[in-house]
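In: Pasting the sequence and the predicted model now:
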Amino acid sequence: VAPRNRLVCNAHVSDSLAARLATIVGTGNVFADADRRATYETDWTRRFSGPARLVARPGSTAEVAAVLGACADAGAAVVPQGGNTGLVGGSVPRGGEVVLSTLRLTSIESLDAAAGEVTVGAGLTVAALNEAAAAHGLRFGVDLASRDSATLGGMAATNAGGINVVRYGMMRAQVLGMEAALPDGGIVSRLFGVGRDNTGYDLPNLFVGSEGTLAVVSKLRLRLVPMLPQRAVVLLAFDTLGAAIETALRARREVEALTAAECFFAEGLDLVCRHAGIPAPFTGRWPYYILLEAAARTDQSMALAGAVADAPGVRDSALATDARDRTRLWAYRDRHTEAINAEGVPHKLDVAIPLARLDEFAKEVRAVVLDLSPAAQVVLFGHIAEGNLHVNILGFAPDDERPDEAVLRLVASMGGSISAEHGIGVAKARWLELTRPPADIAAMRAVKAALDPRGIMNPGVLFPRPESQVPRRE
Ligand code: 2HG
Ligand code: ZN
């Protein structure tokens, strides 16, 4: 007996749902054995993991819909999963759910280079789409450090942001159409991709950012943007965060070709240099850094450097125009997540703060965390133009929620958002009420109940469980 068959036979014996799913997706694409399940059960943070009942890997929208229908009949909860690069525990089981993996849905259809549009399977990665688009002088408008594994369906389901939001917007701005399977086995299909469509509720837009709680995205019609060959990158050091923010905003106003405005702090830079074994960018050690990138068809180095070189508070700077230097400068920013992971299991709080209060927040957030544990380490970095800071905290046990609670309350008190780009997942569900009023949550619950009456879609994600809800404070 071939190993695949043997595995499914085991599942069959213990689980009739596995047998039914095998008739839908084929025996090789349903498995329950612990070895094969393992990579589907823990997310990138390593803070969230749980055993799956089964993993099912459908190969078409019809199969996705049939899998959901079978799970609904069996009353089995489903966790949809793409590249499993999530950071809030939203795509891994909590215990006993069916993981519906989209990794077989990798089609690239009808790439219309003239219109700058393409239809893709939900399991295609950003890197694979970019490879196909490059042949037409195009690329995808959302880019992020996990580009080799992150799938476009998962990115739509979580409204991913990444490093080019300042230029192209978040995932929502790229989605022109969608095919998605509903828990009753129905299929919503709006893939025709006309530039304007005002015909009632925009269902694809509803599913963007729904984190697998309403439907499973199986195909997407996406916008593509021109590949801009001339890229200039500048890294600037500051001794005040206020000056760093001012300079990033000046670049956003004055550099028309700006594609990225990122920030990091000295603690994170130290970690990156130590773990990646690379030298510091400057001889001096400054507390704050911003990395700006401009891209166009013509050389942008003068426009970029000219706009920021004499900005008040700049302590040192480096400009890169060739690929090697660009990669070298980007590494200081891109390698933060892996360097932090090498230190331990972090608490990741991805938040947005009104720009006018970002400086104050950066000081306060350290104070509230160190107040809980003076030995903790707080590493801040992120997307400065949107006031989006990734607050990474080391030194607390994975299930100790005190730092999460303290930071998210601080964010809410400053008028910010408790999730800027990673979503709510299970990590922040109990704090949703801090920044979404009761009427919002009631409306969201009504939509959820209408589309997923049995509550099989990603339970525990997004909505606070009644027993873990925190009281709202004004
Ligand atoms: C990034 O901007 C990602 O690199 C990951 O959103 C952030 O690791 C993080 O906290
Ligand atoms: Zn980010």
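Out: Received the coordinates, thanks. Numbering: from 1, shown residues only. Ligands and ions are numbered 1, 2, ... in the order given.

In: hey, let's count contacts and neighbours off CA atoms from now on
Out: Will do.

In: So what's the residue count around the residue in the chain that ligand 1 sits nearest to?
Out: Using CA to the nearest ligand atom, the point where the chain gets nearest to ligand 1 is Thr337, with a distance of 4.1 Å. Applying other CA atoms under 10 Å, we find 20 other residues in the vicinity of Thr337.

In: And for Thr283?
Out: Number of residues near Thr283 (other CA under 10 Å) recorded here: 8.

In: Kindly confirm my reading that it is in a helix.
Out: No: remark: Thr283 does not belong to a helix; assigned using DSSP: H, G, I helix; E, B strand; the rest coil, it is coil.

In: State the distance from it to Thr298.
Out: When distances are taken as CA to CA, to the nearest Å, Thr283 and Thr298 turn out to be 32 Å apart.

In: Check which helix or strand the residue of the chain closest to ligand 1 maps to.
Out: Element membership for Thr337 (DSSP states H and E) is helix 336-343.

In: now for the helix or strand just after that helix, which elements pack on it?
Out: On the C-terminal side of helix 336-343, the closest following helix or strand by DSSP H and E is strand 347-352. Other helices and strands packing on strand 347-352, by 3 or more CA pairs under 8 Å, 6 or more residues apart in numbering; DSSP states H and E, are strand 388-394, helix 402-413.

In: Does strand 347-352 reach ligand 1?
Out: Yes: contact of strand 347-352 with ligand 1 (CA under 6 Å from any ligand atom) involves Lys348.

In: how much does that strand deviate in direction from helix 402-413?
Out: What separates the directions of strand 347-352 and helix 402-413 is an angle of 10 degrees, with axes from the mean of the first three to the mean of the last three CA atoms, to 10 degrees.

In: ok, Ser101 - contacts?
Out: Val55, Ala56, Arg57, Pro58, Pro80, Gln81, Gly82 (CA atoms under 8 Å, 6 or more residues apart in numbering).

In: Output those residues as a markdown table; include the columns neighbour count and secondary structure.
Out: As requested, the contacts of Ser101 are exported to a markdown table (neighbours: other CA atoms under 10 Å; DSSP: H, G, I helix; E, B strand; the rest coil):
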| residue | neighbour count | secondary structure |
| --- | --- | --- |
| Val55 | 26 | strand |
| Ala56 | 27 | strand |
| Arg57 | 26 | coil |
| Pro58 | 26 | coil |
| Pro80 | 29 | strand |
| Gln81 | 30 | strand |
| Gly82 | 28 | coil |
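
In: ok, so of those residues, who is nearest Asn458?
Out: Relative to Asn458, the closest of those is Pro80; by CA to CA it sits at 7.1 Å.

In: For the closest one, give me its contacts.
Out: When contacts are counted by CA under 8 Å, 6+ apart, Pro80 touches Ser91, Val99, Leu100, Ser101, Thr102, Gly212, Val216, Asn458.

In: Give me the neighbour count for the nearest residue to Ala122 once chain neighbours are set aside.
Out: The shortest distance from Ala122 to any residue that is not its chain neighbour, by CA to CA, 6 or more residues apart in numbering, is 3.9 Å, and that residue is Gly153. By the other CA under 10 Å criterion, the neighbourhood of Gly153 contains 30 residues.

In: helix or strand for Gly153, which one?
Out: Using DSSP H and E, Gly153 sits in helix 152-157.

In: Which other helices and strands does that helix contact?
Out: For helix 152-157, the packing partners by 3+ CA pairs under 8 Å, 6+ apart come out as strand 216-226.

In: pLDDT value on the closest residue to Leu319 other than its chain neighbours, please?
Out: On the basis of CA to CA, 6+ apart, the spatially nearest residue to Leu319 that is not a chain neighbour turns out to be Val234, at 4.4 Å. The predicted local confidence for Val234 comes out at a pLDDT of 98.

In: cool, and Asp15?
Out: According to the predicted model, the pLDDT of Asp15 comes to 87.

In: go on, Val79?
Out: Val79 carries a pLDDT score of 98 in this model.

In: number of nearby residues for it?
Out: Residue neighbour count, defined by other CA under 10 Å, stands at 26 for Val79.

In: did I read that right, it in a strand?
Out: Yes: using three-state DSSP, the secondary structure at Val79 is a strand.

In: Isn't it up against Gly89?
Out: No: between Val79 and Gly89 there is no contact, the gap being 10.5 Å when judged by CA atoms under 8 Å.

In: between the two, what contacts are shared?
Out: The contact lists of Val79 and Gly89 share no entry, where a contact means CA under 8 Å, 6+ apart.
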